[in-house]
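Participant: starting from these lines, generate the structure:
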Amino acid sequence: MNDDFVYLDELVPGIRWDAKYATRDNFTGKPVDGYLANRIVGTRALCTALGRAQEEAASLGFGLLVWDGYRPQRAVDCFLRWSAQPEDGRTKQRHYPNIERAELVDKGYVAAKSGHSRGSTVDLTLYSLATGQIARMGGGHDLMDPVSHHGAKGLAPTEAENREHLCSIMENCGFARYACEWWHYTLESEPYPDVYFDFPVT
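Facilitator: As a prediction, this is how the structure comes out:
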């Protein structure tokens, strides 16, 4: 692993995570190339900022649940290969119910390069510290649909409020939102803005 990358749980004790791409619980329906362990890795700068975000979330009664951080380029390549395969219906209803798999690249949901591979982007949500329940956000991780966009119409008030809480926490801690995915944030002062890494998560 690059010397400037760390395991999130080692730098931010108590943070909750579930690395979706190390499991079958993702839009490809199987573990993704490059994820050999269910752990979250990121640049030291990313993980330090997430530590601050965790403290800010706690002040509002929330914890952070992280789904992805650094993503090897080989995983991005795996997504591209998967998007070109015939539809099997296994994950369509949950992750891309209103478009075809073959459209995911053209519509920008799957791309040849990902900011995650630079090591300072994160996918995450909030959970209640009191109950442990994941906050309702009006759609799950990697739901490739307009309802996942910031400012989407038709959300319940609690869902919209939870998205605003997450956005406020992250932006106050130096992250920028991605307009099309409420769960996706990139560190504004990322240390490797032009480097796409490809070491595996082990």
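Participant: ranges for the helices of the protein?
Facilitator: Taking DSSP state H as the criterion, the chain carries its helices at 8-11, 44-59, 73-83, 92-95, 157-172.
Participant: next, the contact list for the closest residue to residue 156 other than its chain neighbours, please.
Facilitator: Nearest-residue entry for residue 156: residue 138, 6.6 Å, with adjacent residues in sequence omitted and distances by CB to CB, 6 or more residues apart in numbering. No exception for glycine: its C-beta is placed from N, CA and C like everyone else's. Residues counted as contacts of residue 138 (CB atoms under 8 Å, 6 or more residues apart in numbering) are 147, 152, 154, 155, 156, 159, 160, 163.
Participant: the fifth one: how many residues sit nearby?
Facilitator: Okay, so that is residue 156. Using other CB atoms under 10 Å, residue 156 is surrounded by 11 other residues.
Participant: quick check: it vs residue 135, distance?
Facilitator: Plainly put, residue 156 is 12 Å away from residue 135 if you go by CB to CB, to the nearest Å.
Participant: what residues are up against the residue nearest to the spatial centre of the chain?
Facilitator: In the chain, the residue lying closest to the centroid (CA atoms, centre = their mean) is residue 123, at 1.8 Å. Residue 123 is in contact with 20, 66, 67, 68, 69, 116, 141, 142, 181, 183, 184, counting by CB under 8 Å, 6+ apart.
Participant: who wins for neighbours among the residues you listed?
Facilitator: That'd be residue 68 among the contacts of residue 123, by other CB under 10 Å, with 29 neighbours.
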